[in-house]
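S.K.: have a look; sequence and predicted model below, questions after that.
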Amino acid sequence: ISSSSNNNSSSNNDSNNPSDAAKLSPIEIIRKINGTTPILQTTASGCYLTVIPNINDKSTVTRMFINEGFAPVEVDNINGAVFETLVFSRNETIVTMYYNKTKSEMRIMWEDESYLKYFKPNSSTSKGLIEIAQIAAERQTEVDNPGTGMCYIIKLSNEHAIIIDSGEHNQSCANNIYSSLERLDIAKKDDKFLIDAWIFTHGHYDHVGAFLKFTPEYKDYVSVDAFVLAIPNSESITAMEGKHDIIYDVKNNYPSSTIINPHAGLKYYFGNLTVSMLYTPDMYYASGKKITFYNDTSLIFKVEGGNSSMVFFGDAGEEAAKTILSSYAPSTFKADAMQITHHGLAVVPNFKSDSENIRKVYEHINAKYALLPMGTRSPTETRNGRYTVLVDWCNSNYQSAFFMDKTDNHGVQLTQAYWDNFAASVENGTNTHATLYGYDGRNIIKNGKGLTTYIAASEMDCMVTILSFNGGKISVKTNEILHSWFLQ
C-alpha cells in the first residue's frame, strides 16, 4: 500500500468525538485480521478495498469492526445473490463487506462518505408511475446529427428526476438535457430543477462528456441531491480512459450534493424508484487482478418503479457479465425492459465478436422492450454504421444477433446498398417491405421473439423515446424526433 493510501486510511481514525479517539481505523482492524493482505485504492474518490481469504465465519470479521465502534446498518440485499453485502458505519466512515460463504472470502471496502439515508425505503417507494426517457446524443458538428452517446432521464412520481449519464462531450448534448428537463416538466424548487440522483455508469466521454458542458452553463438551475459513481483509479485498471477525475468536477461544482460510491448486492432508494446495484467494479478487483477492458468498469443496475423494472448496463462487457452470472440466480435479472450495452457494439476489446455472457444475461432478463443508445449519421460512419453493426455483426454472432431478426432478410444476400435503399424507401414512402432484419427503417427493431428495441436515433434524426411504467404495465408514451418534441 502506498504512503498516500496509508495516510488516507488512517484518517478514518480521526474524529471530533473524543470517545472514538482510541478506536482503530479500518486498515488497522484489517491488519489485525490479516497482516499481509494487499490494500488497493479503487476509486479517485478514496474508496479502499482488500480481499481476505479463508473466512469461514463472517462474524470473525464483523465482530472486530463492531468492537471498534462500527455500527451495523440496516440494508436491503438483492434477492438471489450468492454473496451477502453488509454495511457498517462510524461517524463519516462507511465500511461495506461482500461475504461469499462458498468461497470463504470476505471483500472489504471503506470510504469517508455518508449516504446512509439512501438505504432506507420511504413512504413513496414502489408507489406511482415512473417514466424513462431515452434522449439521443447529438454531434457538435450540426444540429440533429445523431451521435453514439448515452443519456436517460427518469421522471419519478413526485416529478423529480434521475439522470443516467449525459451524452457526448459537446454543448448540444448539454442543452438537450436541460431542454428535456423542461419538456418533461420536472419539478422545481427556488427555480431549480430537482434531480434526486445523477448516476454515471462509467467515465467515457460519450457518457459523462455532456455533464462537463452542462455544469458551467446550467449548474445554477439544477439541484442535485446525490451523485452515484465508481470511477476507477490507476491501481484498479490497466489503462486509464475517459474523464477519470470527474469526481473533482462534481465536488467542486456541486459541494452540497452527496457522493454515493455504490456497492453490489444493495438496494438504494430515490423517491418511488428502487435502484438494485447488480455490478460494481469492486466485485472484480483484487491484488494483481486489474480490469483490462475499461467498459467493464460500468455499473450494472436494475431500476424498479410503477411495478415494472429495467436493467441498465452502460457499456459493460463480457467480464462484467460473467461476474454477475456467477453472483446471482438467473431469476434476479428478470425485468420488463433493458438498455442494450455499449451502443450495440462489441463487448470485448479489439471489436471481437465474443458476446456469450452478455447474451445469457439478456436471456435471463427476458425483456419485452429494449432501449439502444445508438446513433448513425456523420459525414461517414463505418465502424458504428447501422449496416455494419446490425447486419454484418449480427451475422458474425456479435450481441446484435440477440435483438435483430435474421430470418427477415427479404430472401436476398444483404449488402450495404440494399440496406441503404430500404432505409431510403421507408423515408420516401415507397417501401414494399415493412421491416428488414426486424428493423422498420427508422428506429424500431423487432427480433421476432417478443423483444422490441427502440434506437436513440433514426437514420437521420435524433429521437426521444419515453417508456411509461404504471401499475405493472409498460407503454410507449413517446417515440419521435427530439427537436420536434422540444417544440411541442
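M.R.: Good, I have the coordinates.
S.K.: buried sites along stretch 396-416?
M.R.: 398-405, 408, 414 (16 or more other Cβ atoms under 10 Å). Placement of C-beta: from N, CA and C, glycine included.
S.K.: inside strands: which ones of those?
M.R.: Judged by DSSP state E, the subset of the buried residues of stretch 396-416 located in strands is empty.
S.K.: looking at those residues, which is nearest residue 83?
M.R.: Comparing the buried residues of stretch 396-416 against residue 83 with Cβ to Cβ places residue 399 closest, at 26.7 Å.
S.K.: skip the chain neighbours and tell me the closest residue to the closest one.
M.R.: Distances taken as Cβ to Cβ, 6 or more residues apart in numbering put residue 355 closest to residue 399, at 4.0 Å, once the chain neighbours are dropped.
S.K.: what does the pLDDT read for that neighbour?
M.R.: Per-residue confidence (pLDDT) for residue 355: 97.
S.K.: ok, back up a step: ok, so of the buried residues of stretch 396-416, who is nearest residue 362?
M.R.: Residue 362 has its nearest neighbour among the buried residues of stretch 396-416 in residue 402, at 5.2 Å by Cβ to Cβ.
S.K.: surely the closest one and residue 360 touch.
M.R.: No: applying Cβ atoms under 8 Å as the test, residue 402 and residue 360 come out as separate, 10.0 Å apart.
S.K.: would you map the helices across the stretch 201-350 of the chain?
M.R.: 205-218, 246-253, 318-325 (DSSP state H, counting those that start in this stretch).
S.K.: I'd like to know which elements the longest one is packed against.
M.R.: Contacting helix 205-218 under the criterion 3 or more Cβ pairs under 8 Å, 6 or more residues apart in numbering; DSSP states H and E are the following elements: strand 161-165, helix 171-183, helix 246-253.
S.K.: can you point out the buried residues in it?
M.R.: By neighbour count, with 16+ other Cβ under 10 Å as the criterion, the buried positions of helix 205-218 are 205-215, 218.
S.K.: which neighbouring elements make contact with the helix or strand where residue 27 lies?
M.R.: Assignment of secondary structure by DSSP states H and E places residue 27 within helix 26-33. Secondary-structure packing of helix 26-33 (3+ Cβ pairs under 8 Å, 6+ apart): helix 3-10, strand 48-52, helix 59-67, strand 105-111.
S.K.: average model confidence for that helix?
M.R.: Across helix 26-33, the average pLDDT comes to 96.
S.K.: strand 105-111 and that one, what's the angle between them?
M.R.: Counting by axes from the mean of the first three to the mean of the last three Cα atoms, to 10 degrees, helix 26-33 lies at 160 degrees to strand 105-111.
S.K.: after helix 26-33, heading C-terminal, what element do we hit next?
M.R.: Next element after helix 26-33 (DSSP H and E): strand 40-41.
S.K.: return the distance of that following strand from the chain's centre.
M.R.: Offset of strand 40-41 from its chain centre (Cα atoms, centre = their mean, to the nearest Å): 22 Å.
S.K.: likewise for stretch 158-174?
M.R.: Its chain's C-alpha centre and that of stretch 158-174 lie 13 Å apart, by Cα atoms, centre = their mean.
S.K.: show me which residues of it are buried.
M.R.: So, applying 16+ other Cβ under 10 Å, buried residues of stretch 158-174: 160-170, 172-174.
S.K.: put together TSV for the residues you listed, with distance to residue 465 and pLDDT on each row.
M.R.: As requested, those are exported to TSV (distance: Cβ to Cβ, whole Å; pLDDT from 0 to 100):
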residue	distance to residue 465	pLDDT
160	21	98
161	17	98
162	17	98
163	16	98
164	14	98
165	16	98
166	17	98
167	15	95
168	18	94
169	23	94
170	21	93
172	19	93
173	17	95
174	20	96
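S.K.: still on that earlier bit, nearest to residue 196, of the helices and strands packed on helix 205-218?
M.R.: strand 161-165 (5.8 Å).
S.K.: which elements pack onto that closest one?
M.R.: strand 151-155, strand 192-199, helix 205-218.
S.K.: strands of the stretch 301-450 of the chain, start to end?
M.R.: 308-312, 337-339, 369-372, 444-446 (DSSP state E, counting those that start in this stretch).
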